[in-house]
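[1] I would like to see how this sequence folds:
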Amino acid sequence: MTLPAPSIVDRTKNWLRLLSRRSPSPSIRPNQQIDIGKSSFSNAHDFTINGVSFQAGKQDSSARYPPPRCHPDTRLKIREKLMRWLVTEYDDWKMLWVRGSAGTGKSAVAQSFADSCEEEGLFGASYFFSRIAGRDKLEAVVPTLVYQLARSVPEYHSFIEHRLAKDQILLRNSPPIQFRKLIVEPFATLQRERPRKPIIVILDGLDECAGEKAQREILKMITNAIRTNPDIPLRWLIFSRPEAHLKNTFSRTSECGREELIIDTECRENVERYVKDRLIEIKATYNDMIPAGWPPETKLQELLDVVSGLFIFASTCLNYIDDPEEADPISQLDSLLSFLHRSQGVVSRNPLAALDLLYSRILQDIPPLVFETTRKLLAFMCHRNKLDPQHRLVSAQALSNFLRLDQHAFYKAARGLYSAISVPEPGDAAGTQLQFYHASFQDFLLDPHRSDKFVIGEYKALVIFLQLFIYWSEVDFTHFHACDGWNIDAEHKHDSLPGLTWASEDDRLRVSQSITELLENSLFDEILDIQWEGVDEVLLSQLSNVDFRYWKPAYPFGIAIFCRLDPSTSVVRTEPSSPTDYKLLEYFKLVIGNGVAKRARFPLSLDLPDDEWNREYLFIGHGLKSVIAWRTKSGGSNDQRAHSLRSDQEPTDAQISAYRDALRDMNWNEEEAALAMG
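    This next block holds a predicted model:
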């Protein structure tokens, strides 16, 4: 609330006088309201002095009740590390950054550690940032810390009361000046007068503070304080997601140590313990309706496999199972598992709404124009096993080049994903690929009912991939294989591809090889065996611009780019539609002699039945860029051969002879083929 009129000095004195009536306490419990006598401050959480907000308590009770705490006997290693840092190793680092991806339990660790510090008399102050709760303003941080430190340290309380009395406009100054005048200088003076052991100041969720500039400003204030006054007893513990700008800032701060909350074996064991204990509590609550053997071991294991070490995922699932409005844990667990496995069972509401909100907020923070590029990264990650089944694009750098993104564009597109995806530093990008921290984010992106406008559909991912596949195939063929004739240089033993967007002289050839190996080994049947509902116009436009005259003969069918294209399009067709097409058909007849051929059947299939005889053709391209492509399959052999002719080159005797040799190799019988093909 806003205080009435008297002068700022009178108001500040009144505030501190009322505060001093209570016995000093190292902290305020997060769900405890402030009750400072029968005054205008009675029962206040947040209050204002001359327009400056003072927010009390370790956490805002209205924003987080009950506050998150670590489940007993979980996250013990990190909590022990933090206590050792504070108590015995505090001379090495005055600041410690604990980072972790979304949902790994950072706030629970922060709260539990604050509780432990309070018990040991080591707690000074804390601030919980939250955009949802409106606790994201830089201007509120210093006054709130001042308020809490005054409650925790009696001598500081007296000092700050006098300072505010002398400087009537101090609270109107900028946050850096407030920080120096109200926190750094007072504690430096007090430390010179009587040294004291370190106390902790916790900033939880720094990435939730409004604006990257404000977040950097907070870190700059703390770093300057440590450098100019290294003896003050404040130790700064900062929790946040591993956002790109924060990683950059902390990497340049030698005074700061770093710890990371990761989903490892210990974390999975912790989550498993948490899940099992919560289920025991639920059974006890509903002991009149839950049998002793619930949940069955198979269903318990299903649940544990799905949550797989992610605390927020486990918490969301268990809250759904324990929903008091439903009061039916057995049915809730069944519907949850049904939902998780995408079965057709009816679920009254989304069991993972809390988790989906977290992921949606991560994506909503990415500017729409940037997200169009971000979507390409996510499309490849979500459908990697189909698009690149042999993992030829082994690094983030190779992927960036394949997507035609330079280093700047790549990191700009990935910038908003750091809390959900492991993004390698530029120095590691040549050997490390993007990875989801947890499979739940991928599941979210693939489900249109959960991710809505952010969904990464298979069809769209394939179209994006095919556009790039065609582009790099054209680059490769045009620059290195235009003179191959009918010989297939399968190993691509040539220089690096032109047009790479992010490569040094040292790694240019390696990046190029990643792309050419992808061209050789991708687009199998399982990739293209989807129901295409027409073809993306951009893809068709791109195909229209491809110079198919330079495509090696094995490729038109071998990579089956056209397997699902509509044969009525002007790019891919089975009926000749121009003088060039008729000329190509004449060339084709010269090659096959008196052989029988037929128009291709759509959709094309990469594999034909073993007993099928086949020689089918189609036209690809426009005008002088057109080619006629065909494949031949012997009825008794698994072998099939693909060939093509360019519109600007009549087949030579050598080419015709090579084709006849291929027929003999595959035991081709023209009479049997003619009968089989009708």
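[2] average pLDDT for the helix or strand harbouring residue 177?
    For residue 177, the element it lies in under DSSP states H and E is helix 175-179. Across helix 175-179, the average pLDDT comes to 95.
[3] Equivalent analysis for stretch 379-391, please.
    Mean predicted lDDT for stretch 379-391 stands at 91.
[4] List of residues touching that stretch?
    393, 399, 403, 421, 434, 436, 442, 445-446, 456, 458, 460-462, 464-465, 517-518, 521-522, 524, 526-527 (C-beta atoms under 8 Å, 6 or more residues apart in numbering). Just so you know, the C-beta spots here come from the backbone N, C-alpha and C atoms, and that holds for glycine as well.
[5] Next, the buried residues of the helix or strand encompassing residue 664.
    Using DSSP H and E, residue 664 sits in helix 653-665. For helix 653-665, the neighbour count (16 or more other C-beta atoms under 10 Å) marks 655, 658, 659, 663 as buried.
[6] May I ask you to name the longest helix in this structure?
    Criterion DSSP state H: the longest helix present in the chain is helix 458-480.
[7] one step back: of the contacts of stretch 379-391, buried ones?
    Neighbour-count burial (16+ other C-beta under 10 Å) applied to these gives 393, 399, 403, 421, 434, 436, 442, 445-446, 456, 461-462, 464-465, 517-518, 522, 527.
[8] Let me see the ranges of the strands in this protein.
    46-49, 52-55, 95-100, 123-128, 199-204, 234-240, 256-261, 421-422, 435-436, 572-573, 598-599, 614-620, 627-633, 640-646 (DSSP state E).
[9] what would those strands look like in JSON lines with distance to residue 249 and mean pLDDT?
    JSON lines is the format used below for the strands of the chain (distance: least, C-beta to C-beta, whole Å; pLDDT from 0 to 100):
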{"stretch": "strand 46-49", "distance to residue 249": "29", "mean pLDDT": "42"}
{"stretch": "strand 52-55", "distance to residue 249": "25", "mean pLDDT": "46"}
{"stretch": "strand 95-100", "distance to residue 249": "9", "mean pLDDT": "95"}
{"stretch": "strand 123-128", "distance to residue 249": "18", "mean pLDDT": "95"}
{"stretch": "strand 199-204", "distance to residue 249": "13", "mean pLDDT": "96"}
{"stretch": "strand 234-240", "distance to residue 249": "11", "mean pLDDT": "96"}
{"stretch": "strand 256-261", "distance to residue 249": "9", "mean pLDDT": "93"}
{"stretch": "strand 421-422", "distance to residue 249": "19", "mean pLDDT": "94"}
{"stretch": "strand 435-436", "distance to residue 249": "23", "mean pLDDT": "94"}
{"stretch": "strand 572-573", "distance to residue 249": "52", "mean pLDDT": "84"}
{"stretch": "strand 598-599", "distance to residue 249": "63", "mean pLDDT": "90"}
{"stretch": "strand 614-620", "distance to residue 249": "53", "mean pLDDT": "88"}
{"stretch": "strand 627-633", "distance to residue 249": "55", "mean pLDDT": "87"}
{"stretch": "strand 640-646", "distance to residue 249": "55", "mean pLDDT": "82"}
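[10] of all these, which lies closest to residue 191?
    Residue 191 sits nearest to strand 234-240 of all the strands of the chain, at 9.5 Å, using C-beta to C-beta.
[11] which other residues reach the closest one?
    Residues outside strand 234-240 that contact it (C-beta under 8 Å, 6+ apart): 82, 85-86, 90, 94-100, 106-107, 109-110, 113, 124, 183, 187, 198-207, 219, 222, 225-226, 246.
[12] rerun at 7 Å
    82, 86, 90, 94-99, 106-107, 110, 124, 187, 198-207, 222, 246 (C-beta atoms under 7 Å, 6 or more residues apart in numbering).
[13] for stretch 413-420, the distance to its chain's centre please.
    5 Å (C-alpha atoms, centre = their mean, to the nearest Å).
[14] quick one on the thing from earlier: for the longest helix of the chain, which helices and strands make contact with it?
    For helix 458-480, the packing partners by 3 or more C-beta pairs under 7 Å, 6 or more residues apart in numbering; DSSP states H and E come out as helix 368-382, helix 508-521, helix 537-545.
[15] tell me the angle of it relative to helix 368-382?
    Orientation check (axes from the mean of the first three to the mean of the last three C-alpha atoms, to 10 degrees): helix 458-480 against helix 368-382 gives 90 degrees.
[16] can you dump the C-alpha coordinates of helix 458-480 into CSV?
    Taking Å, rounded to 0.1, in the frame of the first residue of the first chain, the C-alpha atoms of helix 458-480 are listed here in CSV:
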residue,chain,number,x,y,z
GLU,A,458,6.1,-33.6,-39.3
TYR,A,459,4.9,-32.4,-42.7
LYS,A,460,6.2,-28.9,-42.3
ALA,A,461,9.5,-30.3,-41.0
LEU,A,462,9.9,-32.5,-44.0
VAL,A,463,9.1,-29.6,-46.4
ILE,A,464,11.8,-27.4,-44.7
PHE,A,465,14.2,-30.3,-44.9
LEU,A,466,13.5,-31.0,-48.5
GLN,A,467,14.0,-27.4,-49.5
LEU,A,468,17.4,-27.5,-48.0
PHE,A,469,18.1,-30.9,-49.4
ILE,A,470,17.4,-29.8,-52.9
TYR,A,471,19.4,-26.6,-52.5
TRP,A,472,22.6,-28.5,-51.3
SER,A,473,22.1,-31.2,-53.9
GLU,A,474,22.0,-28.6,-56.6
VAL,A,475,25.1,-26.9,-55.3
ASP,A,476,26.9,-30.3,-55.1
PHE,A,477,25.9,-31.5,-58.5
THR,A,478,26.4,-28.2,-60.3
HIS,A,479,29.9,-27.6,-59.0
PHE,A,480,31.3,-31.1,-58.7
